[in-house]
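>>> One predicted model, sequence on top.
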Amino acid sequence: MHETTVPLNLAQLEEIGTSCTCFNLRKASRAVTQFFDQELEPSGLLVTQFTILVAIAISGSGTISDLAQVLAMDRTTLTRNLKPLERDDFIQIEPGPDQRTRIVNLTETGQVALAQAIPLWETAQTHLIGKLGQERWSILLSHLKDTTALFRAI
């Protein structure tokens, strides 16, 4: 077997680590996700599950594609993330009118789980805003919304 070693430029990799927008957004996202996961732990929900349940509750009954659009997620990734929520009876997925689409609904169990998690989320959100400061949090949120809108248009 022939092995080839491709030389990597460590200085370039360090530059990517410090300046790459995606690298740093994902790093910040993981840190915030871990914080919210810890805060939501008594509810039994991960923050990724919490946000999906919130999106379903806001948009009401809709297709997986519509929900993926709302969450700016890949449909396949969303489908994979919906499986534990369906297994735990938080959501119900049914065939749509044309049999190619799947409709997602929040169940009564999902509504209860979401209602129980909301106070934990409120505490986490308040703590996060306190750490960042109201002004920095508002600016961050504004920039994140703008960034999402800019890259959805591409």
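Ah, there it is.
>>> Next one: residue 50 from residue 94, what distance?
23 Å (Cβ to Cβ, to the nearest Å). (Glycine included, C-beta is placed from N, CA and C.)
>>> Ok, residue 38 next?
34 Å.
>>> go on, residue 16?
Residue 16 is 44 Å from residue 94, by Cβ to Cβ.
>>> which of residue 50 and residue 94 has more neighbours?
residue 50 (21 against 10; other Cβ atoms under 10 Å).
>>> any idea which helix or strand carries that one?
Per DSSP states H and E: residue 50 is located in helix 47-59.
>>> Where does residue 103 sit, in terms of helix or strand?
Element membership for residue 103 (DSSP H and E) is strand 102-106.
>>> in its sheet, what does that strand sit against?
Strand 102-106 has these partner strands in its sheet, going by DSSP bridges: strand 62-63 (antiparallel), strand 91-95 (antiparallel).
>>> Check the average confidence over the longest one, would you?
Confidence for strand 91-95, expressed as mean pLDDT, is 95.
>>> That one relative to helix 47-59, how many degrees between them?
With axes from the mean of the first three to the mean of the last three Cα atoms, to 10 degrees defining the directions, strand 91-95 sits at 60 degrees from helix 47-59.
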